[in-house]
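Trainee: Turn this into a structure:
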Amino acid sequence: MHAGDEFTPPRPDPALRRLDFLVGTWSLTGQFDSTGETGAELRGTATFRWLPGGFFLVHHWSRTFHLDGHLVQDIGYEFYDYIPETDAYRSHFFTNLGGYDETGNKYLGHFDGPELVLIGPVRTTSRPHPDGTITQHTDLPAGPGQWIPWLHTQLHRTG
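Mentor: Sure, this is the predicted structure:
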């Protein structure tokens, strides 16, 4: 910037708008497949909103589920952004269930058609549907390039 030049704020990459299908307030229900308690249910709420400026999508959730006979409350925040150099979407999450770990709390991914696929310690696929719902499937690693189903969640828009 030279003397006399006007400040031009940076603009978010248009690729970020692909995440708009997540924006809103949702009720969520889900079921675990391989927790040792097959069929354990998960319930809660989720909100996705853009931070001012449009560079980051913020996800806040509050959900409960039973694990080994105990009611677990999982509350957290996740931040999504886009890396144009690698055409990748990235997320970092923070939860009341544990500390932050650069490898355990960071995901990278892409869109495969309409589905957002993020991979970190697990693989999560979010798919929008014509009726306005979103399904999310979370899979555990089972060897190189192999995954086993772990959690299936459905989001219903409430606001």
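Trainee: In the longest strand along the chain, which residues are buried?
Mentor: Criterion DSSP state E: the longest strand present in the chain is strand 70-83. Under the neighbour-count criterion of 16 or more other C-beta atoms under 10 Å, strand 70-83 has 76, 78, 80, 81, 82 buried. Where C-beta positions appear, they are placed from N, C-alpha and C, glycine not excepted.
Trainee: got the contact list for it?
Mentor: By C-beta atoms under 8 Å, 6 or more residues apart in numbering, the residues outside strand 70-83 that reach it are 12-13, 15-16, 19, 44, 55-66, 88-97, 108.
Trainee: at 6 Å instead, please
Mentor: If you take C-beta atoms under 6 Å, 6 or more residues apart in numbering as the criterion, strand 70-83 is touched by 13, 15-16, 19, 56-65, 89-97.
Trainee: of the buried residues of strand 70-83, closest to residue 117?
Mentor: Taking C-beta to C-beta as the measure, residue 117 lies nearest residue 80 of these, at 13.1 Å.
Trainee: Quick check: closest non-adjacent residue to that closest one.
Mentor: residue 57 (4.1 Å; C-beta to C-beta, 6 or more residues apart in numbering).
Trainee: low pLDDT regions in the chain?
Mentor: Counting by pLDDT under 70, the ranges of the chain that qualify are 1-4, 34-39, 159.
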